[in-house]
Structure formats: structure tokens, C-alpha cells
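1. Sharing a model that was predicted from the sequence below.
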Amino acid sequence: MNTRKTLYVKDNDLYIGAFKATELAKKFGTPLYVMDAAYIREVSDAFVAAVNKCGRGAVAFANKAFATVATAKLAAAHGLWFDVVSGGELFMVKRAGADMKKVLFHGNNKTPREIDEALDAGIGFFVIDSLNELELLDKKAGERGVRQDVLVRINPGVSAHTFEAVMTAAPFSKFGFDVHGDAFDVIRDIASRDNLNFRGLHAHIGSQIYEASSYEKAIDITVDLAGRLAEAGIVCDILDMGGGYGIYYTDKDPKFTPSAYAATVENVARRVAEKSAERGLAAPFLIVEPGRSIVGEAGVTLYTVGAIKDFPGVKKYVAVDGGMFDNPRYALYESEYSAVIAGKASEPASEVVTVAGKCCESGDLIGKDMPLQHAETGDILAVFSTGAYNYSMASNYNLNAIPPVVLVDGDRADYIVKAQTYDDLLRNNTVPEWLN
């Protein structure tokens, strides 16, 4: 548990903001996603201050980590731009009142509809990721009589030390143009077009990364390409170095603070400035795109313990009223979490258990070999660092309802995503007349 002012234990109870976790569970029910507004603000402010300290730049929140209208409003109020990867995410940030000129549209296969929607919304930047997109965007921008600003996503070929499914810059990745292959020629082509305005480069090497050396290698390679472009008369004013900063999940991981995240961004900015100077380039406008590191530790999921099955000397299952429908990350990646019994939080972990979900899948686990206080049916289990890629990847598998989301802000707590009903689960079902 990575404690802070708004996540702490007092008199054996876990608190989130001013609320006992058990009180939140009683009021809003379980399973329940709880997000800590104060922590989101604090990390956002630390990132923005770090970029501003180092010169020109912006922090774009990677919406794929956690996309709701309320948190988008919160992010915008604290100076964040937005990284979107779908028409739905674009629609959401527009609904939140975001400045469209501060939106970057990513994705390796943007659909014609999404390109239309983004052009019509007047977004700031497309991040071009394929030749298909290049041709389609050029055509559609020309039809509208606009000259669209673009970045080009490159693959620097840096293999970050993280889970294979979240590496995005390894050789033969589906993302970006090969910096050692076709990237230069693609950018030269873009720079010659009337409907596209080449502004800079984007590189993102993966997620849940702790090693500074991976970022340094990617920066060096990206700046070197900017230098080669400059020699060809092509100005690269923007460098977007993505995100992927690791967070705390278990005691195997470093315990981060907002100031530690800020230091990471300062190191990125410093390296970019130094390498640019070495290449005789002006310091670029630097964009970073944190997602998980802004909302990951802000989230806690609350469950109610149900069935308990003990196989002495072999395994003990503690089943909860959630599972892979609200957190598929164990099933996908065997991701690890830490947890406590919310009403026994001061007590030492007395057993090691497998926390099981309620879905009809043997692989439906929140985690295995998790240290935990003695659990009893009816206890509230709090699982930490669930703010990123839990709600955003949730489903209605087994026709379970996606849990609601409650935002805690000091002594205030309210829904930002309401609970689904059974009617909601069937809302889009229809029966053809010939079946009646």
C-alpha cells in the first residue's frame, strides 16, 4: 500500500479522502470503483509544473487509461491536453468542453468516420501511423480546404523492460514507422503536401516502465531523426515522447510520489534539450502523455467477500462480487495487485490467498498469492492502484453490470459513472419480428 494524505489507515479502517472505505461500500454498494480527485490534481499539477520548468511543452492525458467526462473536466481544469485513440474518446473530451486544439488523435488504424469526426471537430494534431491514414487524411483535409497539423509516429526500436503485450516500440510493432527504415521518406512526403502540415515526431515505447535508460535511448534516436530532417530542410518543432511511466502495484515496485513523477518528466525534458543542442537544433516543444501515472494509484476498487474455499496446505480462495468483468488485467497479463480488508487494515496479513472473481472462468482472478488479513464473508476488500485500465477495459461478461465510479474529493463523494441496471444490460437488444 502506497499511503498518502488521502489514502491512509486510521483505527484499523482504510480511508479514502475523508471517508472510511467501508462507508463508501455501504452507501454506493460493491463492486465499486473509487477515484481520488485530490491525487489526480496533485499528480497533474506536478507534471505540468515539470514541463513548464523545462521550457515549452504540454502534458496530454492518455484517455485510454480512464475515460469519463468528469475526470476529463478535472484534467482540463489543471492544464492538461488530451490524447485520444477513438471516436468515442474524442466525443467524450468534446462533451467535457476540452479545447479541441489541445487534442492529439492517435491510433494505428483510424477509421474514415473517425478521421471525419476529428477534422470536423478541429482537433490540434493527428498522429499519423500508417500510409493508409496518410492518404485518407490528406484527401479529407483537402476536401475541407484545411491544412491539418500532424505528427508522425515513429518506432525507435527500443525494447522497454515490461510485459510483451504493452511494449509498443519493439521491432515489428504494429505502431509507427521504422526510424531505421521508411520513417524519413514518409515524413519527406508529408512535408511536400498542401493539405498536411508536418509539425514533429511522436515516440512511445510502452507502459509500466521504470528504467530511465529506455527513455534515454528513445530520445536519442528520435532527436537524431529530427537532426537528419533538419539537414533536409524539414523543421521538427514538436517532440512527443509519449508516456508509460510505471506506478506502484505491489511492494516489488517503487513507491512513487507526485514529485517523483515530476522528476521523471524533468529528466526527459533535460535529455531532449541536451541532445537537441548537440545536434544544433532549437529546443522543441515537448509533449508527454501520461495516463496510468495520473489515475492509476488514484483508484481503489471495493468488493464484498462472498464464498471462501480452503484447501489446507494447498490454496485458499477468497471470492468477491467482482472479477474479470471489472478488472480483466490478471486474465490478460497476470497483473499483480496489493489489497487489504478495509475494516482490518491495521492488522498484519495473516494468510496468503487467491482472490477469485465470480465469472464462469477458472482464470477469473484478481490475484493469486496475495498477502491478506483473515477474510470473512461480508468483509470489504480494497484492491489498490486500479484507476488505470480497469473501468476502461470493463465488460458485461456473464451479463454482469460494470461497476459504478464514485469520485471522492475530500469530504465529498458522488457518482461520475452511475450503476448499470439489468435494463441497461439489455437496452440495445432487439427481437426481429419473425421471432415473435
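-> Great, that's in hand. Residues are numbered from 1 along each chain as shown.
2. Packing partners of the host helix or strand of residue 76?
-> Secondary structure from DSSP states H and E places residue 76 in helix 69-77. In terms of contacts (3 or more CB pairs under 8 Å, 6 or more residues apart in numbering; DSSP states H and E), helix 69-77 is packed against helix 37-53, strand 81-84, helix 87-95, strand 412-417. The way it works is simple: take the backbone N, C-alpha and C, and place the C-beta from them, glycine included.
3. any chance you could map the strands in the stretch 201-350 of the chain?
-> 238-240, 285-288, 299-311, 315-320, 339-341 (DSSP state E, counting those that start in this stretch).
4. ok, and for the fourth one, which residues are buried?
-> Within strand 315-320, the residues that count as buried by 16 or more other CB atoms under 10 Å are 316, 318, 319, 320.
5. now the angle between strand 299-311 and it, please.
-> 140 degrees (axes from the mean of the first three to the mean of the last three CA atoms, to 10 degrees).
6. what pLDDT, on average, does strand 315-320 get?
-> Taken as a whole, strand 315-320 has an average pLDDT of 97.
7. now do the first one
-> The average pLDDT for strand 238-240 rounds to 98.
8. Who does that strand pair with, and is each partner parallel or antiparallel?
-> Strands that pair with strand 238-240, judged by DSSP bridges, come out as strand 196-202 (parallel), strand 285-288 (parallel).
9. Among the helices and strands packed on helix 69-77, single out whichever gets nearest to residue 31.
-> Nearest of the helices and strands packed on helix 69-77 to residue 31, taken as CB to CB: strand 412-417 at 12.4 Å.
10. Output the helix or strand that that closest one is followed by as PDB, nothing but the C-alphas.
-> Downstream of strand 412-417, the first helix or strand assigned by DSSP H and E is helix 422-425. Output of helix 422-425 as PDB, limited to C-alpha atoms (Å, rounded to 0.1, in the frame of the first residue of the first chain):
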ATOM      1  CA  TYR A 422     -30.500  -5.000 -15.700                       C
ATOM      2  CA  ASP A 423     -32.400  -2.900 -18.200                       C
ATOM      3  CA  ASP A 424     -29.200  -1.200 -19.200                       C
ATOM      4  CA  LEU A 425     -27.700  -4.600 -19.900                       C
END
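11. about what we covered before: alpha carbons only: can I get the helix holding residue 76 in CSV?
-> What follows is helix 69-77, C-alpha atoms only, in CSV (Å, rounded to 0.1, in the frame of the first residue of the first chain):
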residue,chain,number,x,y,z
VAL,A,69,-16.5,13.2,-18.7
ALA,A,70,-15.9,14.2,-15.0
THR,A,71,-12.2,13.3,-15.0
ALA,A,72,-11.7,15.0,-18.4
LYS,A,73,-13.1,18.2,-16.9
LEU,A,74,-10.8,17.8,-13.9
ALA,A,75,-7.8,17.3,-16.2
ALA,A,76,-8.6,20.2,-18.4
ALA,A,77,-9.0,22.5,-15.4
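12. one step back: pick the most buried one from the strands of the stretch 201-350 of the chain.
-> Using mean count of other CB atoms under 10 Å, the stretch among the strands of the stretch 201-350 of the chain with the largest mean neighbour count is strand 238-240, at a mean of 26.
13. tell me the contacts of residue 102?
-> 58, 60, 81, 82, 124 (CB atoms under 8 Å, 6 or more residues apart in numbering).
14. returning to that earlier point: dump the helices and strands packed on helix 69-77 into TSV; add mean pLDDT, mean neighbour count and distance to residue 327 as well.
-> Below are these laid out as TSV (pLDDT from 0 to 100; neighbours: other CB atoms under 10 Å; distance: least, CB to CB, whole Å):
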stretch	mean pLDDT	mean neighbour count	distance to residue 327
helix 37-53	96	20	19
strand 81-84	98	27	23
helix 87-95	98	18	20
strand 412-417	98	15	15
